[in-house]
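>>> Following is a predicted model, sequence given first.
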Amino acid sequence: MLNAATLRDLADLAGPERAFLTVYLDASDDPSVLDARFSRIRSLLADEPEELEHFEESLSLAREMIEAHESTPDGALAVFASWGADLRRAYALPEPVGTKVWMGDAPYLRPAYELLDEHETYAVVVLDNEKARIYLVSADEVDEEGRVRGDVKNRVKKGGWSQKRYARRREKQIETYATEIADGLAALDAERPFARLVLVGSSEPVQAVTAALRTDLRDKLVGSTSVDGNASDADALEAAAGLAEEGERRSEQALWRSIREQGVGPGLAAFGATSVWEALRAARAESVLVDREAEFAGTKCRACEHVVHGTPSTCGACGSKDVFPVDLVEAVTEQAARTGAEVDFADPFDALAEAGGIAALLRY
Ligand SMILES: [Zn+2]
């Protein structure tokens, strides 16, 4: 599966010329739809014989992989091929990302990044007073990671001292049960870190677990909801998916607020493609928020590999005229992967558009 570590490895492969062919093929598209795009690249590279050779050789590697690999039904296939860099990798993606062909200076990762960003791993606890199941949901699978039994008895109406003793014992039971679940989540996060947490179940154990959570895990809690006592785990997981998605939208807004706070205050923020790119190049960016529909042109130098925002005809670093266009959002995505910065692809909103469609929180 394509994960953050794989993307980081692929991002490291960037080179000085267009030697990487990337193909994203949705399962609903026949591979023959790619032919027109291959022909277009061939004609665009007609005056660059070396890059044309990279393309033709990489294309035969890609074709072999496209024939050999099935995409998941309703998903897509991502193929990265470079004859020059001896790269041949194919990944099944769980969702369509739009069929695309790209010949560039690095594997084209933006669609895969967006997919992972949109499907960050989250943990779900489905629970009542009897038992709890812990699930981990990632882009392509749902795993049951653990079970905890509570067997907390229902409240009963009794009078006097025995009622108090009964209530105390019951409270203790709930607390022990909740602590066991919270410990299970902490162990899971250590082994397979998750970005968000959702609790689904009746309100009493949900509140107890919330109280028992370690602070950093409580920060990951994006919501809780109760489902009908007879609801299946599938229903519970569907409710959780909705909450996790709302959590993703909220985290985009929270990141925007942090960036804006820095912008009006201490200044550890960058706004607009030029500033954000400069910050990333200097490894100063910590989190980048980009409008998922934004497009920025960039230019790369074949002589010194310098990349800038915009379309100058000579390299600002070395003066060479041997430059070629790159997709700056792609360059941002790759540089973020190399420098350990996060990229959040946000649904478009006005404030971000006014700030230039891209902004970043800086480390220093
Ligand atoms: Zn240069």
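Perfect, thanks for sending it.

>>> When you work out contacts or count neighbours from here on, use the C-alpha atoms and nothing else.
Will do.

>>> ok, now how distant is the closest residue in space to residue 20 that isn't next to it in sequence from residue 62?
Leaving aside its chain neighbours, residue 20 sits nearest to residue 82 (4.8 Å; criterion: C-alpha to C-alpha, 6 or more residues apart in numbering). From residue 82 across to residue 62, the span is 8 Å (C-alpha to C-alpha, to the nearest Å).

>>> for whichever residue of the stretch 51-200 of the chain sits closest to the ion, what are its contacts?
Using C-alpha to the ion, the closest approach of the stretch 51-200 of the chain to the ion is made by residue 105 at 14.5 Å. Going by C-alpha atoms under 8 Å, 6 or more residues apart in numbering, residue 105 touches 14-20.

>>> nearest spatial neighbour of residue 37, skipping sequence neighbours?
Once flanking residues are discounted, residue 37 sits nearest to residue 101: 6.6 Å by C-alpha to C-alpha, 6+ apart.

>>> Residue 177 too?
That would be residue 150: by C-alpha to C-alpha, 6+ apart, it lies 5.3 Å from residue 177.

>>> which SSE is the residue in the stretch 151-300 of the chain positioned nearest to the ion in?
In the stretch 151-300 of the chain, the residue that lies nearest the ion is residue 300 (7.7 Å; C-alpha to the ion). Element membership for residue 300, per DSSP states H and E: strand 297-301.

>>> Could I get the buried residue list for that strand?
298-301 (16 or more other C-alpha atoms under 10 Å).

>>> pLDDT score for the closest residue to residue 326 other than its chain neighbours?
Nearest non-adjacent residue to residue 326, counting by C-alpha to C-alpha, 6+ apart: residue 298, 4.9 Å away. Looking at residue 298, its pLDDT stands at 96.

>>> Could you do the one 4 residues further on as well?
Per-residue confidence (pLDDT) for residue 302: 93.

>>> isn't it right up against residue 19?
No: applying C-alpha atoms under 8 Å as the test, residue 302 and residue 19 come out as separate, 11.6 Å apart.

>>> and these two? which has more neighbours close in?
residue 19 (25 against 19; other C-alpha atoms under 10 Å).

>>> how about the more buried one, phi and psi?
Backbone torsions for residue 19, taken as degrees, to the nearest 10, come to phi -130, psi 10.

>>> List the residues that contact the residue of the stretch 1-150 of the chain found nearest the ion.
Proximity of the stretch 1-150 of the chain to the ion (C-alpha to the ion) peaks at residue 16, 10.0 Å away. Residues near residue 16 by C-alpha under 8 Å, 6+ apart: 105, 301-305.

>>> Torsion angles phi and psi at it?
phi -80, psi -10.

>>> any idea which residue of this protein is furthest from its center?
residue 160 (55.8 Å; C-alpha atoms, centre = their mean).

>>> Kindly point out the strands partnered with the strand holding residue 300 and how each is oriented relative to it.
strand 307-309 (antiparallel), strand 323-327 (antiparallel) (DSSP bridges).

>>> The first one near the ion anywhere?
No: on the criterion C-alpha under 5 Å from the ion, strand 307-309 is out of touch with the ion, staying 8.3 Å away.

>>> Then the last one?
No: for strand 323-327 and the ion, the contact criterion (C-alpha under 5 Å from the ion) is not met; the two come no nearer than 7.8 Å.

>>> pLDDT of that strand, averaged?
Regarding strand 323-327, the rounded mean pLDDT is 94.

>>> how distant is it from the center of its chain?
25 Å (C-alpha atoms, centre = their mean, to the nearest Å).

>>> so what does the helix or strand bottoming out on mean pLDDT in the chain touch, helix or strand wise?
Across the helices and strands of the chain, mean confidence by mean pLDDT, DSSP states H and E is lowest for strand 142-149: a mean of 86. Under the contact criterion of 3 or more C-alpha pairs under 8 Å, 6 or more residues apart in numbering; DSSP states H and E, strand 142-149 touches strand 131-137, helix 160-191.

>>> could you give the angle of it to helix 160-191?
Following axes from the mean of the first three to the mean of the last three C-alpha atoms, to 10 degrees, one obtains 150 degrees for the angle between strand 142-149 and helix 160-191.

>>> Note down every partner strand of strand 142-149 and its orientation.
Partners of strand 142-149 in the sheet, by DSSP bridges, are strand 131-137 (antiparallel).

>>> thinking again about what came up before, quick check: pLDDT value at the residue nearest to residue 20.
For residue 82, the pLDDT comes out at 96.

>>> now it, which residues is it bridged with?
Beta-bridge pairing for residue 82 (DSSP bridges): residue 87.

>>> Show the contacting residues for it.
With C-alpha under 8 Å, 6+ apart, residue 82 has these contacts: 19-21, 54, 57-58, 61, 88.

>>> where's it relative to residue 329, distance?
Taken as C-alpha to C-alpha, the span from residue 82 to residue 329 is 21 Å.

>>> before we move on, the earlier item: look at the spatially closest residue to the residue of the stretch 51-200 of the chain closest to the ion that is not a sequence neighbour and say how many residues are nearby.
Nearest residue to residue 105, sequence neighbours excluded (C-alpha to C-alpha, 6+ apart): residue 18, at 4.2 Å. By the measure other C-alpha under 10 Å, the count of residues near residue 18 is 25.

>>> All set, thanks.
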